[in-house]
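Asks: Below is the structure, and that's it, no one-letter string:
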């Protein structure tokens, strides 16, 4: 029974892992967050965003970046790679 | 890793003695030159070969380069990227000796030139003629620059993000072209920066033991 379960279950786990990996990659797009940080800085330097807006957005993005880096670190530890 | 005799290198100029009182990387209070034959490295004394890439350190790195670039009528400097610490003067001189041909050639290629940055952005949700703006930028700035590199468009609002290599003598003409461009396109935001040491126009990879 255990063996049957194992065989049946294994592909299912892999697909779930794959979907999870894709979701993490999409949800926690480190490059996109870094780009938003650069955009925020640029708009502040150009006077298009005031200091309060800039600081608030920067704090939000830095928190997002930290979460994203953590998510990717956990993913890397599971050693799952999806070719895109 | 610490070493009281370590040196931090900002860039390389043609042989000349300079000693500048300026805030450098990791709290250094001056920058001076270390020579090898026809070259001089602009350095500060530092207590580590791996300084932290903090905002302040990066800013001070850039400011030392800009100061040398503008010093006493201007200097040509091959900029190092941030983080070039060497464990002692001998190691640095070894690098200068080994890389002397490439430094010499690069100094010749960028002689008398500076880098200027131009970013153009749209207002939020504004409709505009992207191709027309790009063509206008090319028409105005290509003729007064020696070279240009396109940098990443990291925001949907960015239309232009370019670095230009410009002769010092053409800087005034470039400044005027930027003003005219701004007057013509009041719907756009323009960020004009520099002069910078020509980071985007030198391609030297340091892989020697530091």
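Replies: Ah, there it is. The structure presented is a predicted model; accordingly, all values stated were derived computationally and were not measured.
Asks: which bits of chain B sit near chain A?
Replies: B:119, B:121, B:123, B:154, B:155, B:157, B:158, B:189, B:191 (CB under 8 Å from any CB of the partner chain). Heads up, the C-betas are built off the backbone N, CA and C, glycines and all.
Asks: what about the last one, is that helix, strand or coil?
Replies: Looking back up the chat, that one is residue B:191. Per DSSP: H, G, I helix; E, B strand; the rest coil, the secondary structure class of residue B:191 is strand.
Asks: per-residue pLDDT, it?
Replies: pLDDT, residue B:191: 96.
Asks: show me what contacts it?
Replies: A:42, A:45, A:46, B:117, B:118, B:119, B:120, B:121 (CB atoms under 8 Å, 6 or more residues apart in numbering or on different chains).
Asks: can you rerun that using 10 Å?
Replies: With contacts defined as CB atoms under 10 Å, 6 or more residues apart in numbering or on different chains, residue B:191 is in contact with A:42, A:43, A:45, A:46, B:117, B:118, B:119, B:120, B:121, B:158, B:160, B:161.
Asks: With respect to residue B:99, which of the residues you listed is nearest?
Replies: Of all the contacts of residue B:191, residue B:117 has the smallest distance to residue B:99: 26.8 Å, by CB to CB.
Asks: The closest one - how many residues pack around it?
Replies: By other CB atoms under 10 Å in any protein chain shown, 17 other residues sit near residue B:117.
Asks: got it, and the one 5 residues further on?
Replies: Here the count is done by other CB under 10 Å, and residue B:122 has 19 residues near it.
Asks: Next, the buried residues of the lengthiest helix in chain A.
Replies: Counting by DSSP state H, the longest helix found in chain A is helix A:51-78. Residues of helix A:51-78 classed as buried: A:54, A:57, A:58, A:61, A:64, A:65, A:68, A:71, A:75 (neighbour count, 16 or more other CB atoms under 10 Å in any protein chain shown).
Asks: And the fourth one, how close does it get to residue A:44?
Replies: Spatial separation of residue A:61 from residue A:44 under the definition CB to CB, to the nearest Å is 12 Å.
Asks: Tell me the secondary structure at residue B:35.
Replies: Three-state assignment for residue B:35 (three-state DSSP): strand.
Asks: Report the central residue of chain A.
Replies: In chain A, the residue lying closest to the centroid (CA atoms, centre = their mean) is residue A:28, at 1.5 Å.
Asks: which residues sit in contact with the residue nearest to it when sequence neighbours are not counted?
Replies: Leaving aside its sequence neighbours, residue A:28 sits nearest to residue A:68 (CB to CB, 6 or more residues apart in numbering or on different chains; 3.5 Å). Counting by CB under 10 Å, 6+ apart, residue A:68 touches A:24, A:25, A:27, A:28, A:29, A:30, A:31, A:32, A:33, A:34.
Asks: So the residue nearest to the centre of chain A is in contact with residue A:65, correct?
Replies: Yes. Look at residue A:28 against residue A:65 with CB atoms under 10 Å: they come within range, at 9.0 Å.
Asks: Residue B:43: what secondary structure?
Replies: strand.
Asks: Doesn't residue B:66 lie inside a strand?
Replies: No. Counting by three-state DSSP, residue B:66 is not found in a strand; it is helix.
Asks: close enough to count as contact, it and residue B:198?
Replies: No. Residue B:66 is beyond contact range of residue B:198, at 11.8 Å (criterion: CB under 10 Å).
Asks: overlap in contacts of the two?
Replies: What both residue B:66 and residue B:198 touch, as defined by CB under 10 Å, 6+ apart, is the set B:77, B:79, B:114.
Asks: now the residues you listed in CSV, with pLDDT?
Replies: Converted to CSV, the shared contacts of residue B:66 and residue B:198 look like this (pLDDT from 0 to 100):
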residue, pLDDT
B:77, 96
B:79, 95
B:114, 95
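Asks: So which of those residues is surrounded by the most neighbours?
Replies: Result: residue B:79 is most packed of the shared contacts of residue B:66 and residue B:198 (other CB under 10 Å), 28 neighbours.
Asks: Give me the PyMOL select line for the contacts of residue B:191, limited to the buried ones.
Replies: Provided next is the PyMOL selection string for whichever of these are buried by 16+ other CB under 10 Å:
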select buried, (chain A and resi 42+43) or (chain B and resi 117+118+119+120+121+158+160+161)
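Asks: tell me the SS of the residue sitting furthest away from the middle of chain B?
Replies: Taking CA atoms, centre = their mean, the residue of chain B most remote from its mean C-alpha position is residue B:127, at 33.9 Å. With three-state DSSP as the basis, residue B:127 sits in coil.
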